[in-house]
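>>> with the sequence up front, the predicted model follows.
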Amino acid sequence: MGKKFLKYFTFICLVFSLAFIILSGNNKISITTSNINSVKSLQAVHIVNKYNSIKEIEKQKEIPLYQSFNEAMAMASSNPVAFIGKLTAYGPDCLGCSGNSACPPRQNFKNGNIYFDDQVYGKVRVVAADRSIPCGSIVKISGISIYSEPILAIVMDRGGAVTGNHMDLLFTSQSNLEGFTTSNNIKFELIRYGW
């Protein structure tokens, strides 16, 4: 009788514990994987989080499009905003360029790495932007002629001529801009304001 009661009691405790965890409303997903040597990894958690972040961007309602860059920046710190502007291209070896990002962590781009691995948005392109847009801001850029889909980019650099609604997309070198030409009427959606 004692062993049966102990098994029944243990089962009831487990059921109540699981019910409590489920009903507590914890939105964080924690998935761990194990290899045959029982070494745990949180890689699956990062993959799930990045996938969910991108899906959240896609599910967001239409971001308000501002006609004036200054109006957009006045609202950007509290809400996602969109504006139309000009997109140019540069390489880390351009005239006057140091090859390192102006924003921390001062990533070196001379090695051909034109991406930044963001903890939330994953692997994103790098852009130089006006100083009113803080480092670490995430921008969805639509309407680039050489890409069929919008791209996500992170503000990691500055430039003397990059002001207002003008952004500069980083390529591997100044001599290899992949056929890109200066584009006007590009839609910039500022979906994260700074880090």
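Received the coordinates, thanks. These figures come from a predicted structure and were not determined experimentally. Numbers count the residues shown, from 1 in each chain.
>>> just give me the residue closest to the centre of this protein.
Central residue of the chain (CA atoms, centre = their mean): Tyr121, 3.1 Å from the mean position.
>>> give the contact list for Ala82.
Ala82 sits next to 63-66, 72, 187-190 when contact means CB atoms under 8 Å, 6 or more residues apart in numbering. Bear in mind the C-beta positions are built from the backbone N, C-alpha and C, glycine included.
>>> residue boundaries of the strands in the protein?
Assignment of strands within the chain using DSSP state E yields the ranges 33-34, 40-41, 65-66, 81-90, 115-118, 122-128, 138-142, 151-157, 166-170, 183-192.
>>> just put those strands in JSON lines and tack on distance to Ser98 and mean pLDDT.
JSON lines is the format used below for the strands of the chain (distance: least, CB to CB, whole Å; pLDDT from 0 to 100):
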{"stretch": "strand 33-34", "distance to Ser98": "41", "mean pLDDT": "42"}
{"stretch": "strand 40-41", "distance to Ser98": "37", "mean pLDDT": "42"}
{"stretch": "strand 65-66", "distance to Ser98": "32", "mean pLDDT": "96"}
{"stretch": "strand 81-90", "distance to Ser98": "12", "mean pLDDT": "97"}
{"stretch": "strand 115-118", "distance to Ser98": "17", "mean pLDDT": "96"}
{"stretch": "strand 122-128", "distance to Ser98": "12", "mean pLDDT": "97"}
{"stretch": "strand 138-142", "distance to Ser98": "22", "mean pLDDT": "98"}
{"stretch": "strand 151-157", "distance to Ser98": "10", "mean pLDDT": "97"}
{"stretch": "strand 166-170", "distance to Ser98": "13", "mean pLDDT": "97"}
{"stretch": "strand 183-192", "distance to Ser98": "25", "mean pLDDT": "97"}
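>>> redo these as CSV? Include distance to Phe5.
Shown next, in CSV, are the strands of the chain (distance: least, CB to CB, whole Å):
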stretch, distance to Phe5
strand 33-34, 33
strand 40-41, 34
strand 65-66, 67
strand 81-90, 63
strand 115-118, 53
strand 122-128, 51
strand 138-142, 56
strand 151-157, 57
strand 166-170, 67
strand 183-192, 55
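>>> about what we covered before: and the contacts of Ala82, which is closest to Ile141?
Among the contacts of Ala82, Phe188 lies closest to Ile141 (CB to CB), at 5.9 Å.
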